[in-house]
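Peer 1: compute the structure for the input listed below.
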Amino acid sequence: HDLRSDWVDNLYILMGRAYLLRKDFDSASAVFQYINYVYVPKDEGYDIPLGSNASNTGGVFTVATNEQRPFLKKLTTTLPSRNEALVWQVRTYLEQQKTGDAAGLLEILRHDP
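Peer 2: Prediction:
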């Protein structure tokens, strides 16, 4: 019941995937959007606006979360689920026949470093 665990984001992904496979697309989309909002990098307790100068890292704007970790942590933890949630959001859009939304999100992710 402790939400400070490293596994909570993975459980949200599992819940969103279950909604998607059950064809409950609105709930799946809400879960993936929640992951995208809650697990965005924060700066001194405030959300960093995505795609703005505040999220600018060396002249490059990014929407994805950096997944680089030290080698030892790679063995003991799972990857953050935020980037995976963005990809599952694309699949949810495709299942709903929202090809424009899916293409837009894929294009943003394709150009993201």
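Peer 1: after the worst-scoring helix or strand of the chain on mean pLDDT comes which helix or strand?
Peer 2: Within the chain, no helix or strand scores below helix 71-76, which has a mean of 52 by mean pLDDT, DSSP states H and E. The C-terminal neighbour of helix 71-76 among helices and strands, as given by DSSP states H and E, is helix 82-95.
Peer 1: what comes up buried for that following helix?
Peer 2: The neighbour-count criterion (16 or more other C-beta atoms under 10 Å) identifies 82-86, 88-90, 92-93 as the buried residues of helix 82-95. Placement of C-beta: from N, CA and C, glycine included.
Peer 1: how about those residues in CSV, adding pLDDT and distance to residue 25?
Peer 2: Formatted as CSV, the buried residues of helix 82-95 follow (pLDDT from 0 to 100; distance: C-beta to C-beta, whole Å):
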residue, pLDDT, distance to residue 25
82, 82, 20
83, 83, 21
84, 88, 18
85, 90, 15
86, 89, 16
88, 93, 11
89, 94, 11
90, 94, 13
92, 95, 6
93, 95, 9
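Peer 1: in the protein, which spans are strands?
Peer 2: Ranges of strands in the chain, per DSSP state E, are 42-43, 46-47.
Peer 1: pick out the shakiest of those, pLDDT-wise.
Peer 2: Among those, strand 46-47 carries the lowest mean pLDDT, at a mean of 55.
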